[in-house]
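> Sharing a model that was predicted from the sequence below.
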Amino acid sequence: METVQDSSVTTSVYRDLPLSQLRESPTNPRRRYDEAALKDLAASIQAQGILAPLLVREIEPECYEVVAGSRRLRAAQIAGIESVPVRIVPLTDTDAVCCQAIENLQREGVHPLEEARAFQLLAQQRYDLAAIGSKIGKSEKFVAERLRLIELIPPIAEAFLNDKLTIGHALLIAKLPQAQQPEAFTAAFRSVYTTSNGQTSILVPVRELAAWIESNILMELSAAPFDRTDAALAPEAGSCHDCSKRTGANALLFPDGSSDQCLDRECFQAKVTAHVNRSLEANPRLIQISTSWGTRNGGPLGRNHYTEIVVPKPGKRAKNPTPAQKKCAHMTQGVVADGGNRGQILNVCAEPTCPVHHADALESKTAREKARIAQRKEDAKRKLELVARQRILTAIIDKAGAPLKKGDLETIATAFLEYLPGDCRTALAQRHRLETGKPSASKDARSLLASKVFALDELGLCRLLLEASILGGAANGYSRGERLEATAKRYRIDSGKIRASVRADFEAKRKQQAERGVGSKRKAKAQKKRAVA
């Protein structure tokens, strides 16, 4: 870019001009104005006036453009004064733009994006990076990075102006193509939960965002499966060697890059797709392989259906080569159709009967067939036993009569007690005084009740079954109280009379305890008096 020198300004006129004759410049790099600071400046102007004149140039008779001093102009309008001091200088459009850029850069606390717009104004006047850097005392790298901020898409630029992004985050995003910027902007924030604000988003560290961009957007050109110098592979993109969308094409923006990486992931993937299609057209026998396991109908061959063959170079052959290092009669070429190695051409063996590369699979197939035969035999044996048991049960039921014999009652009681809930078994064992003290586990109650069954006669077994049925009613979805009352009614037992008797017993017991308590207190009081005496 050609370097342009400033036009020398040798004449100027100082005057007071009415505000009605002043216009703001459309090329002013400043875009943000703090309303509170403008009001403070307006108050100062009302008290002391404008101490530094505005730099203006005449654009029409009695009409002047404010080249420098737009903030003072706005404050004067708020203060309500009629005229302001100005310095009228004859400036061309180019001179005005240069003055605005330099004046804007000399302001304190200027936002990096406004710096970038000032640099852009100078670049549009054919100033190169070195000339811009010499004017402000900054390096070419600094100027190049600021100019890159202009590439931020509007929503991200607005977030940057509102201090939602730091300069480090903004530079990382600005270096990417605009199509990739929204994705990187989203990755710049992490959702966290705080006790004060609930679920909120926080800005991740710059290093973390850089690592995310490295892993998810940048594509390593050295690992590209296609010819990077081939401009005909994707005519609209051209060759990678001549492309500016790679880190190696701009050392000022990527000075620390150890490798050449593509910034345009979509373009890179499009070239990989074109490379795969071209390879399949050139070699119809080329098979498509996948890096994932399994194979869909009509899709690439799954990883478990082929073996990659990596034959050592001559002179470096292994003494005991693995199957993957051996050639075979079925070896062919395959193109990777998905994953990170998509587009690469590999030597593979996809023949399932190959004794070199699929010996384990053949052995596994034989073992699976043996297992299937054994399973079929076991299923047939199990089915035969099930049918035999059903027929035996039918024969037993056919011979059973009423009333049931003691052996039948024992079978019923044993099975019934086995399915009885644990708390009911424990209560039943306690009722029959089969345990001393509180039972430690329902397992003890089960064994004690099992031995009790074989010690009872027919009447005892029938009563035990009835007792267990009433105690275990809740396990079958019935209320124990309802079943108890229904059984008592069937046997014409007066439940109310029994409850009244229980209440009388409890009342008598309570009175006895109360009397014992009063007697103990009297005895203790008497002992205390004797001790005092």
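Sure thing, it's come through.
> Please parse the protein into its domains.
13-151, 406-493 (automatic domain parsing).
> among those, which is nearest residue 357?
domain 13-151 (51.0 Å; C-beta to C-beta). The C-beta positions use only the backbone N, C-alpha and C, and glycine is treated the same way.
> Now the terminal residues of the closest one, how far apart.
Start and end residues of domain 13-151 are separated by 40 Å (C-alpha to C-alpha, to the nearest Å).
> Centre of the chain to it, how far?
Put simply, domain 13-151 sits 47 Å off its chain's centre (C-alpha atoms, centre = their mean, to the nearest Å).
> Adjust the sequence numbering to begin at 16 for everything that follows.
Happy to do that; since the first residue is 16 now, the last one works out to domain 28-166.
> what ranges of the stretch 66-215 of the chain fall below the confidence cut-off?
119-124 (pLDDT under 70).
> is it fair to say residue 314 lies in a helix?
No. Per DSSP: H, G, I helix; E, B strand; the rest coil, residue 314 lies outside any helix segment and is coil.
> Which residue, neighbours along the chain excluded, lies closest to it?
residue 305 (7.2 Å; C-beta to C-beta, 6 or more residues apart in numbering).
> same check, this time on residue 59
Leaving aside its chain neighbours, residue 59 sits nearest to residue 90 (8.0 Å; criterion: C-beta to C-beta, 6+ apart).
> One more: residue 204?
Nearest one to residue 204, counting by C-beta to C-beta, 6+ apart, is residue 216 at 4.3 Å.
> what about that neighbour, which helix or strand?
strand 213-218 (DSSP states H and E).
> That strand packs against which elements?
strand 204-209 (3 or more C-beta pairs under 8 Å, 6 or more residues apart in numbering; DSSP states H and E).
> The strand it packs on pairs with which strands?
Here strand 204-209 is paired, per DSSP bridges, with strand 213-218 (antiparallel).
> For the strand it pairs with, which outside residues touch it?
Applying C-beta atoms under 8 Å, 6 or more residues apart in numbering, the contact partners of strand 213-218 are 179, 180, 181, 184, 203, 204, 205, 206, 207, 208, 209.
> what about 10 Å?
Identification of contacts with strand 213-218 by C-beta atoms under 10 Å, 6 or more residues apart in numbering yields 179-181, 184, 201, 203-209, 224.
> just to revisit the earlier point, would you confirm that the residue nearest to residue 59 belongs to a helix?
Yes. Assessed by three-state DSSP, residue 90 belongs to a helix.
> my read: it touches residue 65, true?
Yes. Here residue 90 reaches residue 65: they are 8.4 Å apart, a contact under C-beta atoms under 10 Å.
> neighbour count winner among those two?
It is residue 90, of residue 90 and residue 65, that has more neighbours when counted by other C-beta atoms under 10 Å, with 24 against 21.
> From residue 51, how far out is that one?
Residue 90 is 12 Å from residue 51, where distance means C-beta to C-beta, to the nearest Å.
> now residue 509
92 Å.
> Neighbour count for these two, which is higher?
residue 509 (11 against 7).
> Need the overlap of contacts for residue 90 and residue 51.
With C-beta under 10 Å, 6+ apart, residue 90 and residue 51 have no common neighbours.
> On the three-state scheme, the closest residue in space to residue 358 that isn't next to it in sequence is what?
Nearest residue to residue 358, sequence neighbours excluded (C-beta to C-beta, 6+ apart): residue 240, at 3.4 Å. Following three-state DSSP, the label given to residue 240 is coil.
> In contact with residue 240, which residues?
Going by C-beta under 10 Å, 6+ apart, residue 240 touches 286, 287, 290, 291, 294, 350, 351, 356, 357, 358, 359, 360.
> cutoff 6 Å now
Residue 240 sits next to 290, 358, 359 when contact means C-beta atoms under 6 Å, 6 or more residues apart in numbering.
> now residue 268
159, 190.
> Give the next helix or strand downstream of the longest helix anywhere in the chain.
Using DSSP state H, we find that the single longest helix of the chain is helix 374-414. Of the helices and strands lying after helix 374-414 in sequence (DSSP H and E), the nearest is helix 421-434.
> That following helix: which residues count as buried?
For helix 421-434, the neighbour count (16 or more other C-beta atoms under 10 Å) marks 424, 425, 428, 432 as buried.
> Please identify the buried residues of the helix or strand harbouring residue 201?
Residue 201 is part of helix 196-202 when elements are defined by DSSP H and E. For helix 196-202, the neighbour count (16+ other C-beta under 10 Å) marks 196, 199, 200, 202 as buried.
> Can you add distance to residue 364 and give those residues back as JSON lines?
Below are those laid out as JSON lines (distance: C-beta to C-beta, whole Å):
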{"residue": "196", "distance to residue 364": "45"}
{"residue": "199", "distance to residue 364": "42"}
{"residue": "200", "distance to residue 364": "46"}
{"residue": "202", "distance to residue 364": "41"}
